[in-house]
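Visitor: Generate coordinates for the sequence data below:
(one chain, ligands or ions: 2)
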Amino acid sequence: MLNTLREAPAEAEIASHRLMLRAGLIRKLGAGLYSFLPLGLRALRKVEKIIREEMDRAGALEVLMPGLQPPELWEKSGRITAAADVLFHVKDHQERRWVLGPTHEEVVTDLMAGEVQSYRQLPRTLYQIQTKYRDEIRPRFGLMRAKEFLMKDAYSFDADETGAKKSYETMVGAYRKIFERTGLKALQVEADTGVMGGASSHEFNVPAEIGEGEVVTEEGGSYVATIEKAEGKPAARKGVAGSLEKFPTPGIRTIEDLAKKHGVAAQDQVKTLVFTNGKETALILVRGDDEAQESKVARALGAGYRTAADAEIKEAMGASPGSLGAVASTLGGKKVTVVADLVLKGQTGMATGANENGFHFKGVEVERDLKIDRWADVRTVREGDQSASGKKLKVSRGIEVGHAFLLGTKYSVALGAKFLDPHGKEQPAVMGCYGIGVTRTLQAVIEVHHDKDGIQWPAAVAPYTVMVVTLDLADAAVKKAADDVMASLEKAGVDYLWDDRDERPGVKFKDADLLGFPWRITLGAKSLAAGGVEIKCRRTGAVEVVPPGQAGGWVVNRAEKN
Ligand code: ATP
Ligand code: MG
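Guide: Ligands and ions are numbered 1, 2, ... in the order given. I've put the predicted structure just below:
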């Protein structure tokens with residue numbers, strides 16, 4: 001089943017997706033649903049093998065949990081609503097409801113609640129490699145963002161915080177080895193804890209233009225964080241102190257409008273964003289040239305807040321977006337909580353909306369004139385910002401291949417994973433959870449390792465190490481040499497695919513380049529006349545001629561040196 005394609009379907013937007021389809025590794029069933037063909041599955045199995053070896057070495061125990069899960073567990077953890085956007089719901093014939101697992105914190109915690117009674121049974125880390133289901137609104141880029149995908153998920157259970165941190169470090173260490181072995185230079189990035197909750201978190205991120213994650217790196221590389229988490233300072237502005245003054249701004253709706261028509265630069269404006277939890281209203285203030293960062297806003301406001309709709313804004317503020325502001329004298333009688341970004345501290349000579357359509361204030365001195373209940377870092381870091389240690393920050397894109405969270409006791413408390421400590425006192429286990437997108441990792445390898453002709457597999461995850469291409473097979477000497485090559489590969493334990501198709505050499509070479517196994521061994525009358533078989537390195541293009549019977553040993557030798 002070696003069905004290579006000259007062209008990939010137009011919907012495949014990125015190189016790795018195109019190559020997986022063209023090389024016949026996967027085929028699409030529907031949006032975000034893929035079948036693995038034999039070659040794709042072989043590569044996937046090699047990634048899994050590396051993961052299993054490193055998990056086992058780190059002391060984690062492999063289990064396998066159901067994908068079909070009782071929603072009651074998700075109600076107990078509160079994630080039936082918190083994760084509602086990705087949860088698939090199904091019903092059985094008795095009208096009983098189930099969810100399809102997007103992850104397994106609930107199930108594994110319930111499992112451990114039954115298995116662990118005493119501190120003597122801790123610590124314990126369990127892992128599985130299993131199919132996950134997520135109702136992603138926008139599945140795309142092939143295996144990168146699928147509705148059904150393979151994840152390695154691990155969960156650690158410890159008797160205390162110190163133990164949990166140790167388990168976390170062990171897992172994160174295993175992750176570094178896994179990505180290195182699969183041929184990926186993954187950055188370990190400080191991350192936001194998001195809906196998972198918990199104290200600390202790291203993402204593993206493979207730098208790539210097409211990545212959906214944004215990573216902020218400090219010059220020199222000692223600070224690396226996701227855009228959701230990163231903190232930085234923009235270039236300072238100079239404000240001229242003055243008195244508060246209302247001025248007419250008919251038709252002005254945006255920061256850009258005010259800048260263009262009234263000459264107030266974006267950085268001299270205060271941007272006012274309105275959030276609601278259905279009952280209460282909160283304002284987030286950032287500098288006009290800054291964007292609010294969703295995850296930081298969520299942290300600053302607490303659970304349940306969302307962007308207010310225009311009608312809600314009008315009702316709460318008495319004005320429409322474009323004329324909003326937090327000038328204290330205009331907020332009289334309005335019940336709003338105001339959280340201001342730290343960058344606004346001490347600023348003078350700014351402009352902001354007057355909560356009256358068609359009017360703004362200038363001469364705003366933030367701490368004198370605005371109603372501010374709390375200060376928080378809620379802005380999104382920008383390229384060129386300064387880090388805490390005064391270095392320049394750079395923003396780049398990458399693929400999130402893995403994620404680790406120190407969870408604390410959120411799930412063990414909610415789902416009753418308790419144990420008796422040495423004093424006979426009941427305690428909740430301190431947990432961590434650790435995910436690797438196995439299928440996403442496989443595709444990330446291709447995104448990073450390819451050229452214009454096809455894939456350039458790192459040996460550790462190539463579907464096969466060698467492609468044997470035979471030409472002139474009718475020639476008895478060539479047939480004999482082919483047998484010798486393959487016997488030698490087998491003896492050396494090198495896996496190979498034999499392209500014995502009755503095709504023109506050009507077709508076979510093109511396919512060999514597209515499939516991209518590390519080595520191509522070509523033999524025919526011409527190569528034998530030159531003294532043996534040609535071994536070509538896919539990555540460098542270097543060719544050497546080797547006697548047929550030595551091919552296996554040569555490849556093993558070379559692989560060790562590489
Ligand atoms: P993303 O931000 O990309 O949606 P996530 O934060 O939702 O990822 P986790 O819940 O931490 O992801 O899942 C662990 C790992 O599973 C991720 O690091 C990623 O490699 C992989 N993963 C998550 N969602 C998908 C998906 N829809 N398709 C393929 N792999 C995925
Ligand atoms: Mg997600």
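Visitor: For the nearest residue to L420 once chain neighbours are set aside, grab phi and psi.
Guide: Nearest residue to L420 in three dimensions, chain neighbours excluded: S118, at 5.3 Å (CB to CB, 6 or more residues apart in numbering). C-beta: built from backbone N, CA, C; applies to glycine. Dihedral pair for S118: phi -130, psi 150, per degrees, to the nearest 10.
Visitor: tell me the centre residue of this protein?
Guide: By CA atoms, centre = their mean, the chain has its centre lying nearest to E400, at 2.3 Å.
Visitor: Find the nearest non-adjacent residue to that residue, please.
Guide: Using CB to CB, 6+ apart and skipping the chain neighbours, the partner closest in space to E400 is G213 (4.6 Å).
Visitor: The one you found against R397, yeah?
Guide: Yes: counting by CB atoms under 8 Å, R397 is a contact partner of G213 at 6.8 Å.
Visitor: more neighbours, those two?
Guide: Higher neighbour count among G213 and R397: G213, with 20 against 15, using other CB atoms under 10 Å.
Visitor: what does the stretch 401-550 of the chain have sitting close to ligand 1?
Guide: Counting by CB under 6 Å from any ligand atom, the stretch 401-550 of the chain comes close to ligand 1 at 401-403, 435, 437, 439-440.
Visitor: same check, this time on the chain
Guide: 103, 134, 136, 145-146, 149, 151, 400-403, 435, 437, 439-440.
Visitor: From the structure, what's the count of residues near A174?
Guide: By other CB under 10 Å, 25 other residues sit near A174.
Visitor: Where does it sit: helix, strand or coil?
Guide: helix (DSSP: H, G, I helix; E, B strand; the rest coil).
Visitor: So which bits of the helix or strand where V413 lies are buried?
Guide: Using DSSP states H and E, V413 falls within helix 410-415. Residues 410-412, 414-415 are the ones in helix 410-415 that count as buried (16 or more other CB atoms under 10 Å).
Visitor: Now render those as CSV, adding pLDDT.
Guide: Formatted as CSV, the buried residues of helix 410-415 follow (pLDDT from 0 to 100):
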residue, pLDDT
K410, 93
Y411, 96
S412, 97
A414, 97
L415, 98
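Visitor: Output the below-cut-off pLDDT ranges for the stretch 101-250 of the chain.
Guide: 194-198 (pLDDT under 70).
Visitor: just to revisit the earlier point, contact partners for the residue nearest to the centre of the chain?
Guide: By CB atoms under 8 Å, 6 or more residues apart in numbering, the contact set of E400 is 203-205, 211-213, 437, 440.
Visitor: Type out the ChimeraX command that picks the buried ones from those.
Guide: The ChimeraX command for the buried members of the contacts of E400 (criterion: 16+ other CB under 10 Å) is given here:
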select :203,204,205,211,213,437,440
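Visitor: ok, so of the contacts of E400, who is nearest ligand 1?
Guide: Set against ligand 1, the nearest of the contacts of E400 by CB to the nearest ligand atom is G437 (2.3 Å).
Visitor: so who does the closest one touch?
Guide: Applying CB under 8 Å, 6+ apart, we find G437 in contact with 149-151, 400-402.
Visitor: could you redo the last one with a cut-off of 10 Å?
Guide: G437 makes contacts with 132, 143-146, 149-153, 204, 399-403, 443-444, as judged by CB atoms under 10 Å, 6 or more residues apart in numbering.
Visitor: Can you tell me how far it is from Y496?
Guide: Noted for G437: a distance of 29 Å to Y496, by CB to CB, to the nearest Å.
Visitor: what does K335 give?
Guide: Note on K335: its distance to Y496, by CB to CB, is 73 Å.
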